[in-house]
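Student: model this:
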Amino acid sequence: MADRFPEVAPHWYPKDIKQRAKVNMYLDWHHGHTRAHLFKHLYENFTAAKQLGRPYNYAEASKTLPYVQKTLRECNDYLLSDAPYVAGLEQVSLADLFLYCEISQLILMTEPDQSVKDSSFVSHLENIRQWMTKMEQLPHHDEVHKLLPIIKEKFRNVPLIQF
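Tutor: So this is what the prediction gives:
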């Protein structure tokens, strides 16, 4: 789509083949790691119990935490250690949007009283915290996320596994 619509800023999905390969590399890794681990934790911790009406599966939700921790450490220590953005680029890309959405959803649903940067999931991961600050300063961030406080309030009293 980035090739089809030239008005899309090139930093989202770079034209340079090496930079594009870095974005593609993260997007490929994302599905088997970031998405898989963070979503499984959310599913076991929240979605299945709340939306499917089944009892909370505390044992299963607790099993997912080591995978969440490992994935976030890898993002912090490898993806964000040498460059300001996920794909090792100097500007934000699709890779950053994918990761940001996963982390912010995880925190919103499991720690509704915490700001994203103060969450126990990322408070000890300095590279992620700095990166999340930059992501929150992107144009239209607040506009896109204006419904989050409403969602956050709706689920405030749902019992969840804490990190």
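Student: okay, CA-based contacts and neighbour counts for the rest of this
Tutor: Noted.
Student: Can you tell me what sits against stretch 30-38?
Tutor: 64, 67-68, 71-72, 98-99, 102-103, 106 (C-alpha atoms under 8 Å, 6 or more residues apart in numbering).
Student: quick one: buried residues of that stretch?
Tutor: 30, 33-38 (16 or more other C-alpha atoms under 10 Å).
Student: Show the end-to-end separation of it, please.
Tutor: Terminal residues of stretch 30-38 are spaced 10 Å apart (C-alpha to C-alpha, to the nearest Å).
Student: Let me know the average pLDDT across that stretch.
Tutor: On average, the pLDDT along stretch 30-38 is 91.
Student: how far is it from where the chain is centred?
Tutor: 10 Å (C-alpha atoms, centre = their mean, to the nearest Å).
Student: So the residue nearest to residue 82 when sequence neighbours are not counted versus residue 141, what's the distance?
Tutor: Of all residues not flanking residue 82 in the chain, residue 88 sits nearest, at 6.7 Å (C-alpha to C-alpha, 6 or more residues apart in numbering). Here residue 88 is placed at a distance of 22 Å from residue 141 (C-alpha to C-alpha).
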